[in-house]
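Undergrad: build me a structure from this.
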Amino acid sequence: MFRALLVGVPVLLLCVLGQAMFLGWSLRVYGRRRSFLGKSKVAWPEMLLLTTVMLILLLGNIIPMLVWAALFVAIGAISDFSTAFYHSAVNFVTLGYGDIVMPGRWRMLGPMESATGIMMFGVSTAVMTAAVMDIVKLNRDALNMSND
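TA: Residues are numbered from 1 along each chain as shown. Coordinates of the predicted model:
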């Protein structure tokens, strides 16, 4: 178990740092394009911006899955990358099928990846919720101004 922690903690930290970079990127994109919202009667600018933010966040969640999969192959816990990526994705989203089981000495990596994934999806959800609420507020304020 100690070996798994020794190997897994740096990967966990790398993934958290990477996620922070993607969160920052998505917030910068949103902040730069926010000023264009609420000025038109069509909804496509909002949809395009939300889609862009979602895709950035999704990419920020897929890359750590790839990193964990690469680790599983590198330590010899899983022999081929496609199986490792599948196992990683199942762990990351906390689905936990259990159809692929890591060797005993590496099993602790699964819960570590799951903890990382649930945290990252939680933060991604918070960012998306904030963006949607901001767009709702912008549209409500624009609607109130047009009614005055």
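
Undergrad: Leu57 contacts Gly24, doesn't it?
TA: No. If you go by CB atoms under 8 Å, Leu57 and Gly24 don't touch, sitting 11.3 Å apart. To be clear about C-beta, it is placed using only N, CA and C from the backbone, and glycine gets the same treatment.

Undergrad: who's more crowded, the two?
TA: Leu57 (23 against 12; other CB atoms under 10 Å).

Undergrad: so which residues of this structure form helices?
TA: Secondary structure of the chain (DSSP state H): helices located at 2-34, 44-74, 81-92, 109-147.

Undergrad: point out the most buried one among those.
TA: Ranked by mean neighbour count under mean count of other CB atoms under 10 Å, the helices of the chain are led by helix 81-92, which reaches a mean of 20.

Undergrad: run through the protein and note the low-pLDDT ranges.
TA: In the predicted model, the chain carries pLDDT under 70 at residues 37-42, 141-148.

Undergrad: try 90
TA: For the chain, the stretches flagged by pLDDT under 90 are 1-8, 29-49, 94-102, 104, 134-148.

Undergrad: ok, the spatially most central residue of the chain - contacts?
TA: The centroid of the chain falls nearest to Asn61 when counting by CA atoms, centre = their mean (3.1 Å). Counting by CB atoms under 8 Å, 6 or more residues apart in numbering, Asn61 makes contact with 19, 92, 117, 120-121, 124.
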